[in-house]
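> Build me a model:
(one chain, ligands or ions: 1)
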Amino acid sequence: MKKILDCIAQAIMPAFTACGYDGSYARVTLSNRPDLCEYQCNGAMAAAKTYKKKPIDIAADVVKQVEESPQREMFSQITAVMPGFINIRLSEEYLAEYMNSMDREPKYGLEETGKGETVIVDYGGANVAKPLHVGHLRSAIIGESIKRLGRFLGYNMIGDVHLGDWGLQMGLIIEELRERKPDLPYFDDSWNGPYPDEAPFTISELEDIYPAASARSKEDEDFKARAQEATFRLQNGYEPFRAIWRHIMNVSLTDLKKNYGNLGVTFDLWKGESDAQEYIPGLIEDLRKKGLAYESQGALVVDIAKETDSKELPPCIIRKSDGAALYATSDLGTILDREKKYAPSRYVYITDKRQELHFIQVFRVAKMAGYVKEDTPMVHLMFGTMNGRDGKPFKTREGGVMRLESLMEEINGAVYDRIMENRTVSCEEARKTAGIIGLAALKYGDLSNQASKDYVFDMERFISFEGNTGPYILYTIVRIKSILSRYNEMGGTLPPDATILKAVSDGEKNLMLQLTKYREAVENSFAETAPHKICQFIYELSDVFNKFYNSTMILKEENQDRRTSYIKLITLTKGVLETCIDLLGFEAPERM
Ligand code: ARG
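I've put the predicted structure just below:
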C-alpha cells in the first residue's frame, strides 16, 4: 500500500507532464499552513527557473489540468495560490477508502522493505558482575525499540547484548574472593581435582564483592597489582580462574536476564567481549601485514585520521605496551565474528555519547582493513545523559548510583498510589496495572526525547496521565477499549461487510488524516534510528482521537451504518496505537 504523500504526488504527476513539466516536480508535502490546506506541492516554484515562467502560471496550468482529469475526484480542493503553491485537500471519500485499505491490509499497509537484509543491533552492553544501573537503561530501551522496528519492517534483526565480561573487574572479583574465602580450591595450587559445580557466591554476594574490590583497589596499590595479574592470567587461560569466571558469568547472567526481562528487553545473542578473544591474535597479525598497525611507544596502533577531519583524531590503540588487548581490539574481534557468522548489511551500536571517539576509531579500522564493506552502514547511535531535576546525572536521594530495580520500584509505587487515589480496582489489579503503566512511563519518557539529547528524569511528569507521556497514550487506548466493550455489551457486532464511511466532521477527518501518517512514521523512525518520531506520531494520534471522542456521540449515533463506521475507525486507531507502543517496547493494560 502506498504512502499517502506518494498517492497524491502520483495523482498530480500526469498533470505536470501533460503541461510539459518534468514529473519530478510533483512532490507533495504536508501543509505548513493547516488552516489553508492539508497538503501542498511546491513544484511550480522549483520549476520556475528551469522553464523561465512565473511559478503561479505553472501552478495554474497544473491545477487546470488536474481539474479536467479523473484524478480530480481525489481532492475536495486543489488550488494555485500566490506565489506559486498548489494547495490541496483530500476528498472525504478518498480518505475513507484509504482507511478501509489500511484496515484490510496486514500491518495496516506497511511494506516489509527490509526483507533479505540482516542488521546487527548492539545494545544493552551490561558489564558482568556489576549491577545494572540507570546508565544502562537508555541503551536497553532505545536498542529494543530499534530492533522491534526493524523486525516489523522485515529486516532480520539480530540483537546482541555485547557484555563487558573480560575486563579488570574479573581480576578484582577474583582477588577479593581470595581475601574473603582463601580456602577455596581455586586458590589452592596443589588442587588437581575438578572444580565445584556450585558457585562460591550468590548474586547478592557477588554484587557486594565487586564494589568492595573496586574501592579496595583505589586504596591498595598492591591489591590492584594482584587484580591486574589475575586478569592477565584469566585472559591467558589459567584454569582455576577460568572456573571462577564461569561461575561469575552464570550467576550474573541469570540475574541480568531477569532484569532485562522485567524491562521487556530480550536479546538474540548473549555474547560478550570474551567471545572476541579467539580472533585477536589473527587480527593483530593481519593489521600488521596490511601495514596498518605499527609500533608507537611500545604500543601497537593504527592511524585513522583523515584529511577531511575537522579535528585531530588520535590513532586507535590495538595493543598496549604491556601486551594487553583493549576495548577497541575486542570490538574489532567481535566484528570479525559477526562478519563470519551473519554478514550483516548494517550495524547499529547504541551507547552513550562519551564513546563517540571509540566507535569512530573502530569503524574506520574495520573499513580500512576491509573487514566491513565500504558501503555497509555502521551507525553509532549516541545518547545523552539521563539527568535528575537538578540538571545533573541522575542519582539516588543519598547521592549514589541508582539501581535499575530501585528506579522501577519507585515509578511503579508512584503509579500505584495514583491508581489507588480513586480506587476502583482491587489492590492486586492495581499492582499489576501499575507495573504496566510504570514501564510505559519510563520507556516513553526516555524514547520521546531525541536520543542524542540529555533529558531530565521527572517522575511526576512521566507518570502523568496528561501531556506527552506514556500513561496518556495508554489512557487513550484504554478509553477505546472501554467504548468497544460497551458496544459489545449493548449487543453490537460488526457486520463482515462493514466499512469506514466518509468523515462528516472535522474531528473525524483529522483523525483519518493523522492515521495516514502511520507508515511514514514507522519507516522514518527506523531509517533515522529515531524512535522519538513514533512517539510524536502516537501523541498526535491520541490527541486527535480524544478531540474526536469529545465532539462525537459514538455509541449514541442513531444511524447504524455510521455507528458501525465509527466503531471500525476507532478499532483501527486502537490497532495502530497498539502496534506503535509494541514497537516502543511496552503494552497497554485492560483498564486503568
Ligand atoms: N560494556 C560497555 C559499557 O558499559 C558497552 C558496550 C557497548 N558495545 C560495544 N560493542 N562496545 O560501556
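> Determine the number of other residues adjacent to Thr308.
Neighbour count for Thr308, taken as other Cβ atoms under 10 Å: 5. C-beta: built from backbone N, CA, C; applies to glycine.
> Now do the same contact list for it.
Contact analysis of Thr308 by Cβ atoms under 8 Å, 6 or more residues apart in numbering lists nothing.
> How is it assigned, secondary-structure-wise?
Of the three states, Thr308 takes coil under DSSP: H, G, I helix; E, B strand; the rest coil.
> same check, this time on the one 4 residues further on
Secondary structure of Glu312, reduced to three states by three-state DSSP: coil.
> Residues of the stretch 101-250 of the chain that sit close to the ligand?
122, 125, 127, 162, 164 (Cβ under 6 Å from any ligand atom).
> rerun at 5 Å
For the stretch 101-250 of the chain, the residues in contact with the ligand (Cβ under 5 Å from any ligand atom) are 122, 125, 162, 164.
> Quickly find the element holding Cys535.
Counting by DSSP states H and E, the element that carries Cys535 is helix 532-551.
> pLDDT score for the residue in the stretch 151-300 of the chain positioned nearest to the ligand?
Relative to the ligand, the nearest point of the stretch 151-300 of the chain is Gly164 (3.3 Å; Cβ to the nearest ligand atom). What the model reports for Gly164 is a pLDDT of 93.
> residues making contact with the helix holding Cys535?
For helix 532-551, the external contacting residues (Cβ under 8 Å, 6+ apart) are 145, 149, 444, 447-451, 468, 472-473, 476, 479-480, 483, 505, 507-508, 510-511, 514-515, 517-518, 521-522, 524-525, 570, 573, 576-577, 580-581, 583-584.
> which residues touch Asp255?
Neighbours of Asp255 in contact, by Cβ under 8 Å, 6+ apart: Ile203.
> how close does it get to Gly261?
Distance, Asp255 to Gly261, using Cβ to Cβ, to the nearest Å: 10 Å.
> picking up where we left off before, could you report the neighbour count for the residue of the stretch 151-300 of the chain closest to the ligand?
Other residues near Gly164 come to 19 when the count uses other Cβ under 10 Å.
> Also the one 10 residues further on?
When neighbours are defined as other Cβ under 10 Å, Ile174 has 26 of them.
> so where does it fall, helix or strand?
Assigned by DSSP H and E, Ile174 falls within helix 168-180.
> Can you pull the phi/psi pair for the residue of the stretch 401-550 of the chain at minimum distance from the ligand?
Nearest residue of the stretch 401-550 of the chain to the ligand (Cβ to the nearest ligand atom) works out as Val401 at 13.0 Å. Phi and psi for Val401, reported as degrees, to the nearest 10, are phi -80, psi 130.
> Tell me how far it lies from Lys130.
Look at Val401 and Lys130: by Cβ to Cβ, they are 10 Å apart.
> So between those two, which is more surrounded?
Taking other Cβ under 10 Å, Val401 and Lys130 do not tie; Lys130 has more neighbours (18 against 14).
> The closest residue to the more buried one other than its chain neighbours: what's it in contact with?
Once flanking residues are discounted, Lys130 sits nearest to Tyr210: 5.6 Å by Cβ to Cβ, 6 or more residues apart in numbering. Contact partners of Tyr210, counting by Cβ under 8 Å, 6+ apart, are 129-130, 169, 172-173, 176.
> mind listing what the residue of the stretch 101-250 of the chain at minimum distance from the ligand touches?
Nearest residue of the stretch 101-250 of the chain to the ligand: Gly125, at 2.9 Å (Cβ to the nearest ligand atom). By Cβ under 8 Å, 6+ apart, the residues touching Gly125 are 136, 139, 161-164, 350-351.
> and with 6 Å instead?
Gly125 makes contact with 139, 162 under the criterion Cβ atoms under 6 Å, 6 or more residues apart in numbering.
> So that it lines up with my notes, have the first residue be 31 from now on.
Shifting the count to begin at 31 puts that one at Gly155.
> That one falls within a strand, correct?
No - secondary structure of Gly155 (three-state DSSP): coil, not part of a strand.
> Just the pLDDT for Asp87.
94.
> Run a quick neighbour tally on it.
Using other Cβ under 10 Å, Asp87 has 14 other residues around it.
> In three-state terms, how would it be classified?
Per three-state DSSP, Asp87 ends up helix.
> how close does it sit to Lys248?
Distance from Asp87 to Lys248, by Cβ to Cβ: 76 Å.
> His562 now?
From His562 to Lys248 the distance is 39 Å (Cβ to Cβ).
> again, but for Gln40
From Gln40 to Lys248 the distance is 66 Å (Cβ to Cβ).
> And for Pro215?
From Pro215 to Lys248 the distance is 29 Å (Cβ to Cβ).
> Who are the contact partners of Ala533?
By Cβ under 6 Å, 6+ apart, the neighbours of Ala533 are 122, 539, 542.
> after the helix or strand where the second one lies comes which helix or strand?
Secondary structure assigned from DSSP H and E places Lys539 in helix 536-545. With elements assigned by DSSP H and E, the helix or strand that comes after helix 536-545 is helix 548-557.
> can you map out the strands along the stretch 431-580 of the chain?
485-486 (DSSP state E, counting those that start in this stretch).
> Give me the distance from the helix or strand where Ala76 lies to the chain's centre.
According to DSSP H and E, Ala76 maps onto helix 73-81. The chain centre lies 39 Å from the centre of helix 73-81; the measure is Cα atoms, centre = their mean, to the nearest Å.
> cool, stretch 535-551 as well?
24 Å.
> In it, which residues are buried?
By neighbour count on 16 or more other Cβ atoms under 10 Å, the buried set for stretch 535-551 is 537-551.
> So which of the residues you listed reach the ligand?
Checked against the ligand using Cβ under 5 Å from any ligand atom, the buried residues of stretch 535-551 give no members in range.
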